[in-house]
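# Pasting a predicted model and its sequence here:
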Amino acid sequence: QVQLVESGGDLVQPGGSLTLSCAASGSIFSIAAMGWYHQAPGNQRELVATIRSGGSTKYADSVKGRFTISRDYAKNTVYLQMNNLKPEDTAVYSCYANLRTGPTLGFRNYWGQGTQVTVSS
């Protein structure tokens, strides 16, 4: 069984910063990628940022230059440093891990429960 536990969501003023973290635990054999999606009310879930096992990263255009994704490989934890936050960043942020639980098993996505980020004055 695999669990992803997120933390760090909060209410912050425009221009402020937050750091989200997500720790994966359980029967993990290897992780190919970890990352973050967000979903605002009435909108579809969108990819925010992802980091692959080799360290390559990908960001949504809307967050480039403001958000930074990083990973602690030893702790199976992914972080999202969010700077210069804007009201349009308000959403539920969910982390995912693309991993496999055994050497002969395929990779699949596991999800956290989500954490609320609200940017408002």
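Perfect, thanks for sending it. Numbers count the residues shown, from 1 in each chain.
# The strand or helix carrying residue 38 pairs with which strands?
Residue 38 belongs to strand 30-39 when assigned by DSSP states H and E. The sheet places strand 30-39 alongside strand 46-52 (antiparallel), strand 91-100 (antiparallel), with pairing taken from DSSP bridges.
# Kindly state which of those strands is positioned closest to residue 19.
Nearest of the strands paired with strand 30-39 to residue 19, taken as Cβ to Cβ: strand 91-100 at 11.3 Å. Just so you know, the C-beta spots here come from the backbone N, C-alpha and C atoms, and that holds for glycine as well.
# Show me how far the closest one is from its chain's centre.
Its chain's average C-alpha position is 5 Å from that of strand 91-100, according to Cα atoms, centre = their mean, to the nearest Å.
# do the same with stretch 113-121
13 Å.
# measure that stretch end to end?
26 Å (Cα to Cα, to the nearest Å).
# deepest of the strands paired with strand 30-39, which one?
Stretch with highest mean neighbour count among these: strand 91-100 (a mean of 21; mean count of other Cβ atoms under 10 Å).
# Roughly how far does the residue lying closest to residue 10 once chain neighbours are set aside sit from residue 56?
Leaving aside its sequence neighbours, residue 10 sits nearest to residue 18 (Cβ to Cβ, 6 or more residues apart in numbering; 5.9 Å). Distance, residue 18 to residue 56, using Cβ to Cβ, to the nearest Å: 24 Å.
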